[in-house]
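# Give me a 3D structure for the following:
(one chain, ligands or ions: 2)
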Amino acid sequence: MKNLIDLHVHTISSGHAYSTLLENIAFAKNNNLKYLGISDHAPMMPGSAHVFYFNNLAILPSIIDGVDCLKGVELNIINENGDVDLSESSLNRLDYAIASIHTPCFEGKDITTTYLNACNNKYITILGHIENGKYPCDFDKVCAYASKTNTLIELNNSSLKPHSSRVDANIHMPKLLNACKNNHTYVLIGSDAHFCNDIANFSLVEQLIEEYAFPKELVVNYDMELIEKFILKKAKLNLK
Ligand SMILES: [Zn+2]
Ligand SMILES: [Zn+2]
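Ligands and ions are numbered 1, 2, ... in the order given. The predicted structure is shown next:
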């Protein structure tokens, strides 16, 4: 299957990533990616960019060197209420938002409730790396509510790498795939690239998709109509 999109990509503006926006675009172009997302860590992550950086992304052209650039953010979910570290007025200027739990930015115990509340934020397009065993949740409940609220579940390729700081993602991701399948929840594979050469590297997730025969019709990356519905037309904002 051809991957059309990678929305989980960082630039040097995240503070612990190593490629510029133009380096990322060049790599995406050489690998025939149609859509490249810019999803730097939101301001509460140590070393990341100020809110002005996100507010000003609108000045970038929407197509750069032939690649469609979507302007986004990887938000920090900061508590069990599902609160995040950019205001609605900032989020309203962006094309999409991933929301994730990161250790330096999160205080809370009930992770399932945290994710359910995050799904209620109409600006949160995608829940990021929920397969992280450091923050275990009830996948069935989260996937069911994600389906109901048109929130995408990310399958994060970086979580499966041997040096990942996340815990037991290789054990949790098959369970997450099963919950998505049972609840007809749409998923978006993300590289979580912190260096340009990793953009659209979905190899580890795709091995699991094959191994567990996960339905490809639930994978947004492969389907232009699903990309239009969930990302470009912001299906969540239009939910009645
Ligand atoms: Zn990062
Ligand atoms: Zn993250």
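# so for the helix or strand that Cys143 is a member of, what's the average pLDDT?
Assigned by DSSP states H and E, Cys143 belongs to helix 139-148. Helix 139-148 comes out with an average pLDDT of 98.
# Report the distance from that helix to the chain centre.
Its chain's average C-alpha position is 16 Å from that of helix 139-148, according to Cα atoms, centre = their mean, to the nearest Å.
# buried sites along it?
Buried residues in helix 139-148, counted by 16 or more other Cβ atoms under 10 Å: 139-140, 142-147. Glycine gets a C-beta too; all of them are placed from N, C-alpha and C.
# Just the C-alpha atoms of it, please, in CSV.
This file holds the C-alpha atoms of helix 139-148, laid out as CSV (Å, rounded to 0.1, in the frame of the first residue of the first chain):
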residue,chain,number,x,y,z
PHE,A,139,-7.8,0.5,24.7
ASP,A,140,-11.3,-0.7,24.1
LYS,A,141,-12.9,2.3,25.9
VAL,A,142,-10.5,4.8,24.2
CYS,A,143,-11.0,3.3,20.7
ALA,A,144,-14.8,3.2,21.1
TYR,A,145,-14.9,6.9,22.1
ALA,A,146,-12.3,7.9,19.5
SER,A,147,-14.6,6.3,16.8
LYS,A,148,-17.6,8.2,18.2
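# following that helix, which helix or strand shows up next?
strand 152-156.
# What is that following strand packed up against?
On a contact count with 3 or more Cβ pairs under 8 Å, 6 or more residues apart in numbering; DSSP states H and E, strand 152-156 meets strand 126-127, helix 139-148, helix 169-182, strand 187-190, helix 203-211.
# Please name the strands paired to that strand in the sheet, noting orientation.
strand 126-127 (parallel), strand 187-190 (parallel) (DSSP bridges).
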